[in-house]
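[1] Next come a sequence and a model predicted from it.
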Amino acid sequence: MSAVTRVARVEGGHAGPGAGGPDAGRPGRARRLASGAWSLLRRLGSRLVHLWRASLAFRVVMVTMLLGILVLTAVGTYLYGSIGQGLVDSRQRIASQDSLRDATAAQQLFDRNDKNATQAELSQSAQDIVNQYQRNTGNDVRYVVLSRLETTTAPVVVNTVDSGVVGLREVPEDLRRAVAQAPDRQHLQLTSLGEGRSAISAVVVGQKVTLPVAGNYGLYFIYPMDREREIIDFIGQTFLLAGIALILLVGAIAFVVTRLVADPVRRAAVVAERFADGNLGERMRARGEDDLARLGNSFNAMAASIQQQIGQLENLSRVQQRFVSDVSHELRTPLTTIRMAADLIHDSRAHFEPTVARSSELLYHELDRFESLLTDLLEISRFDAGAASLEVEATDVRASIERAVDAHRTLAARKGTALVITQPDEPVIAEMDSRRIERILRNLVSNAVEHGEGRPIEVTVAGNDSAVAVTVRDHGVGLRPGEAALVFTRFWRADPARARTTGGTGLGLAIALEDARLHAGRLEAWGALGEGSCFRLTLPRQADATITSSPLPLSPLAAEAAAARALPAGPTGAAGPATTNPAPTTTPADRHPITSRPGGDAS
């Protein structure tokens, strides 16, 4: 048996030119179709992004399916390639053995020809042998080609003989050259029969045969791999269908498993939301002894503990509120009696010794402070009990400011403090309870006079379409970092050693904060050491409306910097007259987002 040499594979066939182009006659319709398709893709993409963010089950299923597709693609590609290569190798091996046997038999038939045979006789014999060894039935198809080698120099020439369907052009040139250069060996090569999508692979085996008188010729057996192509196509389709089915099955399994885990978590989230809304009796259903059951039991234990503690705190708060209210009411009667006696003593102090007269004055003024403290305690108890209510009417805020400032002019004059009001000429109307708003402003002005160190106090009012705001700015000692969040705490004092000079009770700012909240408004504080402090009250123009920005800035330093940037350039040293009634403006003070909690630091 002769040796076998495999020549490099030659890709046969050429793809035919494709024809086609856009429908130039209907560009508008094409654009509409493209726009509609793009819009549909965008909506689909948005929906998928929403599902990805909102659904744990969707994420798990998608990740599982994507990983499954990657794994199955890698495994399927490897198996598909291995099976295909195995079919090709098997076909080549069978073709090599089959052609070697038949080429040997054909050589024996050629040797039987008369050495004096004519060209016509040799041609007829060659045609008969080629026809004898070709196969055209069933799955065992083989074509045979007999062609003169390029190295043959015999004078008698037998023309190329083929099977009629496949001729010499299907035999690669490299294979014919290899047979001519190494005639003692069998040569094998893969090629393609046909062109385009109809092309099929084929195994071509060639070796030398000798014709009497005519010399050396190449005998080529061509084995189309139709059967192998059908097998590999069937395997590919099977892999594809099986892969799709397996991916869907894996996705369904992942969905079921995810639901087993996600549903209890989802139920826990619902129970937690209801619990957070105040339904303290909500509990999770815990079944079994697995991790999810432990989660449910732990959640229920935590909820029970929180419910118990909240109940205890509510009871304590009710007791405290009742105690404050009862004590305040009970003190009213003896306080009235003491007040009457103190008034009588105070009116007769001119007849007493100086020390007794001074004591009567101290008693008289301290009773005023004690009465104010009782009034504030009763007001706080009403807030704590949720019994406070509003008497709302559309009112000009400027009038409340004027009354609050006028009430403190005597005290301010005694401390050498100037009170400056900056307000627009037109009314600043808001739906509010005038009594409560005036109480807020009195507390703010009183606080500013108390801590203003005798420097001017600026009261500013402004409004926009949705809100009105009032700021009270002093230039006193200011606040240390973190104290702006504490100024509304009951009985809190920045300096406990500092004596009260205005007779405050320590509850004024706490009551002011509750009054602002009752109006759905905001009361905020800002302060810096050496720069003073600023309190901003923001109220919605319509009762119970939501406010998102304030017409005035909370930080005076930021407002002053913005005003400096807005000033037009002028002669150096020039100064204009001051005014307490500037025209309304919509420059940056008209839109200041509220980013702090009520009573806290604002940015």
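    All right, it came through fine.
[2] ranges for the strands of the stretch 151-300 of the chain?
    Ranges of strands in the stretch 151-300 of the chain, per DSSP state E, counting those that start in this stretch, are 161-162, 186-193, 200-211, 215-224.
[3] and the third one, what does it pack onto?
    The elements that strand 200-211 packs onto, with contact taken as 3 or more Cβ pairs under 8 Å, 6 or more residues apart in numbering; DSSP states H and E, are helix 56-111, helix 173-181, strand 186-193, strand 215-224, helix 226-276. Yep, even glycine has a C-beta here, placed from its N, CA and C like the rest.
[4] TSV please, covering these and showing mean pLDDT, mean neighbour count and distance to Leu149.
    Converted to TSV, the helices and strands packed on strand 200-211 look like this (pLDDT from 0 to 100; neighbours: other Cβ atoms under 10 Å; distance: least, Cβ to Cβ, whole Å):
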stretch	mean pLDDT	mean neighbour count	distance to Leu149
helix 56-111	89	15	14
helix 173-181	89	18	4
strand 186-193	88	22	12
strand 215-224	90	23	5
helix 226-276	87	14	29
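[5] Ok, which of these comes nearest Arg522?
    helix 226-276 (23.9 Å; Cβ to Cβ).
[6] follow-up on the earlier one: can you lay out the strands of the stretch 151-300 of the chain as a markdown table showing distance to Arg148?
    Output for the strands of the stretch 151-300 of the chain, formatted as a markdown table (distance: least, Cβ to Cβ, whole Å):
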| stretch | distance to Arg148 |
| --- | --- |
| strand 161-162 | 10 |
| strand 186-193 | 16 |
| strand 200-211 | 9 |
| strand 215-224 | 5 |
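[7] Quick check on the closest residue to Trp492 other than its chain neighbours: phi, psi?
    Among residues not flanking Trp492 along the chain, Leu486 sits closest, at 5.3 Å (Cβ to Cβ, 6 or more residues apart in numbering). When read as degrees, to the nearest 10, the backbone of Leu486 gives phi -110, psi -10.
[8] Please report how far Leu486 lies from Ala385.
    24 Å (Cβ to Cβ, to the nearest Å).
[9] which SS class is the residue most central in space within the chain?
    Closest to where the C-alpha atoms of the chain average out (Cα atoms, centre = their mean) is Arg53, at 6.7 Å. Secondary structure state of Arg53, per DSSP: H, G, I helix; E, B strand; the rest coil, is helix.
[10] ok, so what distance separates it from Arg59?
    9 Å.
[11] One more: Ala512?
    Applying Cβ to Cβ, the value for Ala512 to Arg59 is 49 Å.
[12] can you check Ser198 too?
    For Ser198, the distance to Arg59 - Cβ to Cβ - is 46 Å.
[13] For this structure, which residues score under the pLDDT cut-off?
    Applying pLDDT under 70 to the chain flags residues 1-27, 138-139, 321, 324-325, 328, 494-505, 558-603.
[14] All the helices of it, residue numbers only.
    27-54, 56-111, 119-133, 173-181, 226-276, 291-347, 354-384, 397-406, 409-415, 434-451, 508-518, 556-566 (DSSP state H).
[15] These: which one's closest to Thr151?
    Within the helices of the chain, the stretch nearest Thr151 is helix 173-181; the backing value is 4.8 Å (Cβ to Cβ).
[16] Does anything pack onto that closest one? Which helices or strands?
    Checking 3+ Cβ pairs under 8 Å, 6+ apart, helix 173-181 ends up next to strand 186-193, strand 200-211, strand 215-224.
[17] so Glu282 touches Ala303, yeah?
    Yes: counting by Cβ atoms under 8 Å, Glu282 does reach Ala303; the two are 7.0 Å apart.
[18] Can you work out which residues contact both of the two?
    When contacts are counted by Cβ atoms under 8 Å, 6 or more residues apart in numbering, Glu282 and Ala303 have Phe275 as shared neighbours.
[19] contacting residues for the residue located most distally from the centre of the chain?
    Distance to the chain centre peaks in the chain at Asn116, reaching 92.8 Å (criterion: Cα atoms, centre = their mean). Residues near Asn116 by Cβ under 8 Å, 6+ apart: Val213.
[20] could you check the distance from it over to Val156?
    Counting by Cβ to Cβ - Asn116 and Val156 are separated by 11 Å.
[21] Please enumerate the shared neighbours of those two.
    Val213.
[22] Please parse the protein into its domains.
    The chain breaks down by automatic domain parsing into domains covering 42-232, 291-381, 393-495+506-565+580-593.
[23] Same list, those, but as a markdown table with distance to Ser35 please.
    What follows is the domains of the chain, written out as a markdown table (distance: least, Cβ to Cβ, whole Å):
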| stretch | distance to Ser35 |
| --- | --- |
| domain 42-232 | 11 |
| domain 291-381 | 49 |
| domain 393-495+506-565+580-593 | 37 |
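[24] Tell me which of those domains sits nearest to Leu260.
    Among these, domain 291-381 comes nearest to Leu260, with 8.5 Å by Cβ to Cβ.
[25] residues of stretch 352-361 that come out buried?
    Ser360 (16 or more other Cβ atoms under 10 Å).
[26] what's next to it, contact-wise?
    342, 345-346, 349-350.
[27] repeat that for 6 Å
    Outside of stretch 352-361, the residues that reach it under the criterion Cβ atoms under 6 Å, 6 or more residues apart in numbering are 345-346, 349.
[28] Just the buried subset of the residues you listed, please.
    Buried members of the contacts of stretch 352-361, counted by 16+ other Cβ under 10 Å: 345, 349.
[29] can I get the contacts of stretch 352-361 in JSON lines with distance to Gln237?
    Below are the contacts of stretch 352-361 laid out as JSON lines (distance: Cβ to Cβ, whole Å):
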{"residue": "Ile345", "distance to Gln237": "112"}
{"residue": "His346", "distance to Gln237": "110"}
{"residue": "Arg349", "distance to Gln237": "115"}
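[30] Among the contacts of stretch 352-361, which one sits closest to Arg274?
    Among those, His346 lies closest to Arg274 (Cβ to Cβ), at 60.4 Å.
[31] thought the closest one was touching Tyr364?
    Yes: in this structure His346 lies within contact range of Tyr364 using Cβ atoms under 6 Å: 4.3 Å.
[32] Show me the common contact partners of these two, please.
    Joint contacts of His346 and Tyr364 (Cβ under 6 Å, 6+ apart) do not exist.
[33] Next, find the distance separating Ile69 from Leu56.
    On the measure of Cβ to Cβ, Ile69 and Leu56 end up 20 Å apart.
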